[in-house]
Each structure stands twice: as C-alpha cells, then as structure tokens.
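Q: Here is a sequence with its predicted model. Questions after.
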Amino acid sequence: MLLGALVDAGVAFSSLQQTAAALNVGARLEVRKVVRGGITATKVDVLTPDSAATGHAHPHEEHRAHEAHSHESHAGHAHHVHPQPAQHKHEHLHDQHRSLSAILAIIDAAPLSDAVKERATRAFQLLGEAEAAIHSIPIEKVHFHEVGAVDTIVDIVCAAAGCAELGVDRWLASPLNVGSGTVHCAHGILPVPAPATLALLGDAPVYAAGEPMERVTPTGATILRMLNVQYAQLPAMRIAASGYGAGGRDTPGQPNLLRVLIGEEAAQDVPAEPIAVMETVIDDSSPQLVAYVSELLLEAGAWDVYRVAVQMKKGRTGVQLTVLCRPDLVPALRDLLFRETTTIGLHWRIENKALLEREFAEVQTEWGTVRIKIARWPSGATANAAPEYEDCRQLAVRYAVPLKRVMQEAMRLYAATQTKGEER
C-alpha cells in the first residue's frame with residue numbers, strides 16, 4: 001500500500017520495478033488503478049515465482065488507515081509527506097524461511113544506492129532484534145517465516161527506495177490503530193498486535209478500533225521504524241501532491257487506503273498550548289492569607305498567580321485572585337483554593353497560550369554568576385533577554401550592593417558577548 005501511495009503521489013513506478021529486479025529474487029511488480037470506498041487509488045502487486053504459477057499476486061499485507069506524514073528537504077525548504085500506513089491482514093502463510101544473514105546478503109549484493117541498502121538493512125536488523133528478544137535466542141539464530149518471504153523483502157526494500165526518491169528527511173504519524181483479535185502465523189495463533197509488532201512499535205501511541213483484525217503487522221511496524229517515524233498532528237504545510245495506495249480488499253465503510261501528502265512546510269509560527277485561567281474574588285481575608293495562598297499555588301505547580309484589588313457590590317473592597325496553570329492541574333488547585341481561602345465559588349476557562357522558546361546563558365559579574373533568560377522567535381532570532389531575578393537578588397544581599405546595579409551589570413556583560421559574537 002505504501003508503494004501504491006508513493007507511485008500515486010509521483011514516484012516513478014519504473015524505479016520501483018528496477019529495485020525489485022535488482023534484488024534478483026525472481027519477483028516483479030505490477031501496477032493498476034482500483035477503487036476503494038469510492039476513491040480511486042493505485043494498487044501495486046508483488047509477483048513472485050509461486051504467485052506467477054497460480055496467476056495470483058500476493059495480497060500479503062493490507063494496511064488501513066492511520067495518518068502519517070513526513071518532512072522532505074527540497075531546494076532549501078522543508079517539505080512534508082503524509083501517508084496513512086494502516087490495516088494489515090495475512091491472507092496466507094509462506095513456506096520460505098530465511099535467516100537474517102541471508103536476507104542482508106541479498107540486500108548487500110543488489111546494485112542499489114548505499115542509502116537504500118542502509119535503510120533496508122536497518123529495517124531487517126530491527127525486525128531480527130525484535131524476534132530474538134521475543135524468543136530468547138541469539139539474533140543469528142533467528143529465521144524469518146512470513147516476514148522472510150520474497151514478497152516482503154521486496155516490499156521493504158522498494159519502500160526504502162521509493163521513500164529515498166522523495167528526499168524525505170523526517171516522517172511523522174498519527175496514533176496507530178493496531179486492531180484486535182488474533183492472527184494465525186507460523187508460531188500458531190497469536191494476539192493482535194503480534195508480539196513482534198508490539199516490540200517494534202515501542203512507545204508509539206496506539207489504540208484499537210473497528211472490527212477485530214490485524215491492522216499493523218510486523219512488516220508495517222518495521223517500515224515505520226525504518227523511517228524513524230515520529231508521532232504528531234499534521235504540521236502546517238502547503239500540499240503539492242497526494243497519493244492513495246490501495247489494499248487488497250474493499251472494506252465496507254472504511255476505505256482500505258493509505259494516503260501520502262507531499263508539501264512545503266509553512267512558515268514557522270509561535271507555538272501555542274492550552275492554558276487554564278482560574279479566578280475567584282475574596283473580600284473577607286487578610287492580605288497575609290492571600291499572599292500565603294499564592295505561595296502554595298505556585299508550589300503546587302501554577303505557572304503564575306496575581307492579585308488585583310476590585311470594588312464589589314455594597315461598597316466592599318475585595319481581591320481578585322487569578323491563577324494560570326496547566327489544564328490538568330485545575331482540580332488540584334481548585335481544591336487548594338477552597339481549602340485555604342474563604343471563597344465559596346470560583347470559575348475557570350481554557351485559553352490559548354503563545355510561548356516563545358526559552359534558553360539560558362550565564363555571565364560572570366564581579367559578585368558571581370547570573371543567568372540570563374533568553375526568549376527566541378521560531379527563526380532563532382532573540383526576542384527578549386533579562387537577568388534572572390533570584391540570581392541578582394541573592395548577590396545583592398550577599399554583597400550589600402543595590403539590586404538594580406547587579407541587574408544592570410549582568411545585562412551589560414550579556415550585551416557585550418552578543419556584540420563580540422556579531423563581530424566574529
């Protein structure tokens with residue numbers, strides 16, 4: 001399905017044919033247009049000697065729909081590719097058993113680029129390591145069953161070649177629907193996801209949805225690992241091309257497709273994240289109590305706490321206490337406010353928080369080290385820089401010098417280092 005999606009998105013089918021022929025394992029590729037769930041897609045079949053004898057191509061693994069995408073480098077710009085490697089289903093088992101060393105020898109002997117060989121070799125090494133760990137045997141003792149069959153070797157190596165042709169340098173994927181139920185394999189009946197699939201996916205985000213079936217196989221998981229896939233939402237991008245790769249079956253209600261999106265990365269924007277804003281008004285507590293509660297809130301994880309004097313009904317003067325925090329901290333901080341203050345009601349809302357990247361630099365003043373907090377735009381340019389208050393305060397107290405003098409000296413030294421850097 002990945003091969004079909006790549007061809008549909010513009011990768012030359014002839015280059016994949018040449019890759020299959022270069023392996024010298026008696027396999028060839030065929031391509032055709034099919035319809036899955038009302039959507040036209042490209043179907044690539046791997047024909048092996050046994051499939052040629054029967055007249056049937058191997059529908060060895062079918063992928064169904066989780067989103068994935070990648071970043072491609074081209075002409076100095078970041079680009080993205082967005083596939084959806086999806087459901088896999090074994091239609092039959094293969095008799096061929098191959099050791100890892102035999103498979104690696106096939107790849108090494110093929111007249112392919114070093115980049116393709118390196119990526120495909122890594123894929124089978126990852127698969128071998130997973131199988132060795134599962135069966136508690138040395139990796140050199142691993143013999144592949146279905147995974148070692150000719151059609152799967154062609155799948156992985158051609159996937160490596162097709163992805164290399166795109167010039168992709170980073171891939172991303174959404175959470176994976178691994179399926180549920182059981183699957184028949186050379187070791188008998190195994191739960192879904194199969195042990196090798198689970199080992200290869202590692203800490204990838206997964207879930208199970210839809211009718212019981214295997215939706216990610218060891219080969220699919222291997223390709224994801226081979227591409228160093230990361231898991232995230234579809235990034236901001238300008239889509240230049242898309243492709244749909246078809247599986248062997250037309251599943252009702254769920255198009256059996258894998259989608260690839262290729263595009264140019266949009267200009268980076270200031271990242272945003274959700275923030276909870278909690279507010280309550282207190283009119284019957286002392287200022288000392290409110291100050292104490294503010295300290296407790298900060299210790300409990302609040303990003304910030306501030307107090308504003310307000311005029312309430314009947315001429316009462318009160319204090320509006322505002323707490324900024326992560327949304328998941330709302331229950332704990334809410335209970336803290338009810339427990340430690342006299343308020344009997346509060347409210348909160350979720351807003352968006354724009355956040356510049358921050359880092360620290362150090363300067364050596366005559367009194368000691370002061371950290372400088374630096375905020376940067378997505379481009380890397382400096383948006384703001386300021387000395388850390390606590391560092392300056394401690395030095396001012398220790399050496400009995402005005403706080404403002406320490407802060408001014410720290411900024412003078414930092415500005416001097418920036419000027420020297422620009423001169424170099």
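A: That came in fine, so what should we check first?
Q: could you give the mean pLDDT of stretch 300-314?
A: Average pLDDT, stretch 300-314: 93.
Q: Which strand residues bridge Arg259?
A: Taking DSSP bridges as the rule, Arg259 bridges to Tyr244.
Q: isn't it right up against Ala246?
A: No - assessed by Cβ atoms under 8 Å, Arg259 is found out of contact with Ala246, at 10.7 Å. Backbone N, C-alpha and C define where each C-beta goes, glycine included.
Q: Which one's more surrounded, those two?
A: Relative neighbour count places Ala246 above the other of Arg259 and Ala246, with 28 against 24, counting by other Cβ atoms under 10 Å.
Q: what sits against the spatially closest residue to that one that is not a sequence neighbour?
A: Leaving aside its sequence neighbours, Ala246 sits nearest to Ala41 (Cβ to Cβ, 6 or more residues apart in numbering; 3.9 Å). When the contact criterion is Cβ atoms under 8 Å, 6 or more residues apart in numbering, the partners of Ala41 are Gly4, Ala5, Asp8, Lys33, Val34, Val35, Tyr244, Gly245, Ala246, Leu257.
Q: Next step: those residues restricted to strands.
A: With strands defined by DSSP state E, the entries of these inside them are Lys33, Val34, Val35, Tyr244, Gly245, Ala246, Leu257.
Q: hang on, the earlier thing: pull the distance from the helix or strand the residue nearest to Ala246 falls within to the chain's centre.
A: Using DSSP states H and E, Ala41 sits in strand 39-47. Centroid separation for strand 39-47 versus its chain: 28 Å, with Cα atoms, centre = their mean, to the nearest Å.
Q: Go through it and flag the buried ones.
A: Ala41, Thr42, Lys43, Val44, Asp45, Val46, Leu47 (16 or more other Cβ atoms under 10 Å).
Q: Mind listing the residues bridging to Thr382?
A: Applying DSSP bridges to Thr382 yields these beta-bridge partners: Arg376.
Q: which stretches of this structure form helices?
A: In chain order, the chain shows helices spanning 2-8, 13-22, 49-54, 100-109, 114-135, 150-166, 195-201, 218-226, 287-299, 330-340, 389-399, 403-423, with DSSP state H as the criterion.
Q: Any chance of these in CSV with distance to Arg28 and mean neighbour count as columns?
A: Compiled in CSV, the helices of the chain are given as follows (distance: least, Cβ to Cβ, whole Å; neighbours: other Cβ atoms under 10 Å):
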stretch, distance to Arg28, mean neighbour count
helix 2-8, 13, 27
helix 13-22, 6, 18
helix 49-54, 8, 12
helix 100-109, 16, 16
helix 114-135, 18, 19
helix 150-166, 9, 24
helix 195-201, 28, 22
helix 218-226, 19, 25
helix 287-299, 67, 14
helix 330-340, 60, 15
helix 389-399, 68, 15
helix 403-423, 58, 14
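Q: Nearest to Ile374, out of those?
A: Comparison of those against Ile374 by Cβ to Cβ identifies helix 403-423 as nearest, at 8.6 Å.
Q: what angle do that closest one and helix 389-399 make?
A: Here helix 403-423 points in a direction 120 degrees away from that of helix 389-399 (axes from the mean of the first three to the mean of the last three Cα atoms, to 10 degrees).
Q: I'd like the mean pLDDT over helix 403-423, please.
A: 85.
Q: could you say what helices and strands that helix packs with?
A: Contacts defined by 3 or more Cβ pairs under 8 Å, 6 or more residues apart in numbering; DSSP states H and E place helix 403-423 against strand 357-364, strand 369-376, strand 382-387, helix 389-399.
Q: I'd like the distance from the second one to the chain centre, please.
A: Chain-centre distance of strand 369-376: 30 Å, with Cα atoms, centre = their mean.
Q: elements contacting that strand?
A: Taking 3+ Cβ pairs under 8 Å, 6+ apart as the contact definition, the neighbouring helices and strands of strand 369-376 are strand 357-364, strand 382-387, helix 389-399, helix 403-423.
Q: Serialize the ones you listed to a markdown table and add fields for distance to Cys185.
A: Shown next, in a markdown table, are the helices and strands packed on strand 369-376 (distance: least, Cβ to Cβ, whole Å):
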| stretch | distance to Cys185 |
| --- | --- |
| strand 357-364 | 47 |
| strand 382-387 | 55 |
| helix 389-399 | 60 |
| helix 403-423 | 59 |
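Q: Please identify which of the ones you listed is closest to Gln233.
A: That would be, of the helices and strands packed on strand 369-376 and by Cβ to Cβ, strand 357-364, which comes in at 18.8 Å.
Q: Which residues outside the closest one are in contact with it?
A: When contacts are taken as Cβ under 8 Å, 6+ apart, the neighbours of strand 357-364 outside the stretch itself are 271, 369-376, 378, 388, 410, 413-414, 417.
Q: Point me to the residue sitting closest to the centre of this protein.
A: Tyr231 (2.1 Å; Cα atoms, centre = their mean).
Q: ok, now how distant is that one from Pro175?
A: When distances are taken as Cβ to Cβ, to the nearest Å, Tyr231 and Pro175 turn out to be 7 Å apart.
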